[in-house]
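Colleague: Show me the folded form of this:
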Amino acid sequence: MSLRFEQPVIDKAEQSRVHIGITDAEIVQMLAAYRLFGLWRIDIETGHFFASEDVHTIFDLLYSDGPVNLAELMSRIHEEDRSLIAQTFEEASRHGAGFHFVYRVDNRLGGYKLVRSVGRIRDDESGGGIVGITYEFVEKLRVVGFEDNTASR
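Modeller: Residues are numbered from 1 along each chain as shown. Prediction:
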């Protein structure tokens, strides 16, 4: 599976949204409406992993707002990809690098789905640790459709 380290996000130019008038909360809501889009955080000191509802859904885990059962979560990841996950977090922590990787997660139907995680090391001012997002490549789209029942002219 692919793995790529990047420069920390803090080294990239911040995009201005002032002229658009859109908030961070609105951005997250729109992303979550498009696909399963989960947010997560790892507390390096305790080793605890906290995740939003969509991460639980992606990994087919019961939702809890406490730390995620990492043994159960890791059991859903393809055996060949588990070492990639560990290597990624270790390298990111050591070098303070941002990262993203693609890996296979059990789809609970006898196969696997592709999942992408993107993360970065947090600075000490915001509590330290690693923060990121996880989403499916082939997802169940959350679609609302409107039918046109007007008579043809």
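
Colleague: So for this protein, the centremost residue is which one?
Modeller: Thr134 (1.6 Å; Cα atoms, centre = their mean).

Colleague: any idea which helix or strand comes after the helix or strand bottoming out on mean pLDDT in the chain?
Modeller: The least trusted helix or strand in the chain, going by mean pLDDT, DSSP states H and E, turns out to be strand 3-6, with a mean of 47. Where DSSP states H and E defines the elements, the next helix or strand beyond strand 3-6 is helix 24-34.

Colleague: Show me what the strand or helix carrying Ser83 is in contact with.
Modeller: Following DSSP H and E, one finds Ser83 within helix 79-95. Contacts of helix 79-95 with the rest of the structure, by Cβ atoms under 8 Å, 6 or more residues apart in numbering, involve 1, 3, 5, 42, 44, 74, 77, 97-99, 101, 103-104, 119-121, 130. Just so you know, the C-beta spots here come from the backbone N, C-alpha and C atoms, and that holds for glycine as well.
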